[in-house]
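Q: build me a model:
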Amino acid sequence: MIAPLFLSPFIGALAFLELGAPRTGLLNQLARDIGLPAWVSINVMTFEWLIII
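A: Numbering: from 1, shown residues only. Next up, the predicted model:
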């Protein structure tokens, strides 16, 4: 019964890593596809994004 309590935040963290990975993240791919400049990217592995998330 304790496993669901720990699994939910872990899955959420993995989802944010997948969305905001520096090169392969889905949000960064979307930004490149719509033509945003290269400096507009999300890197969730920085201290600022650690605080935001």
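Q: going forward, measure contacts and count neighbours with C-alpha atoms only.
A: Noted.
Q: excluding chain neighbours, what is closest to residue 38?
A: Closest residue to residue 38 apart from its sequence neighbours, by C-alpha to C-alpha, 6 or more residues apart in numbering: residue 32 at 7.3 Å.
Q: any idea how far residue 19 is from the one you found?
A: 14 Å (C-alpha to C-alpha, to the nearest Å).
Q: can you tell me the element the closest residue in space to residue 26 that isn't next to it in sequence falls in?
A: The shortest distance from residue 26 to any non-neighbouring residue, by C-alpha to C-alpha, 6+ apart, is to residue 19 (4.8 Å). Assigned by DSSP states H and E, residue 19 belongs to helix 3-20.
Q: who's in contact with that helix?
A: Here helix 3-20 makes contact (C-alpha atoms under 8 Å, 6 or more residues apart in numbering) with 24-28, 42-45.
Q: pLDDT score assigned to the residue most central in space within the chain?
A: Residue closest to the mean C-alpha point of the chain, counted by C-alpha atoms, centre = their mean, is residue 20 at 2.7 Å. Note for residue 20: predicted pLDDT of 87.
Q: ok, residue 31 next?
A: 90.
Q: residue 38 versus that one, what's the distance?
A: For residue 31, the distance to residue 38 - C-alpha to C-alpha - is 9 Å.
Q: could you do residue 15 as well?
A: For residue 15, the distance to residue 38 equals 23 Å [C-alpha to C-alpha].
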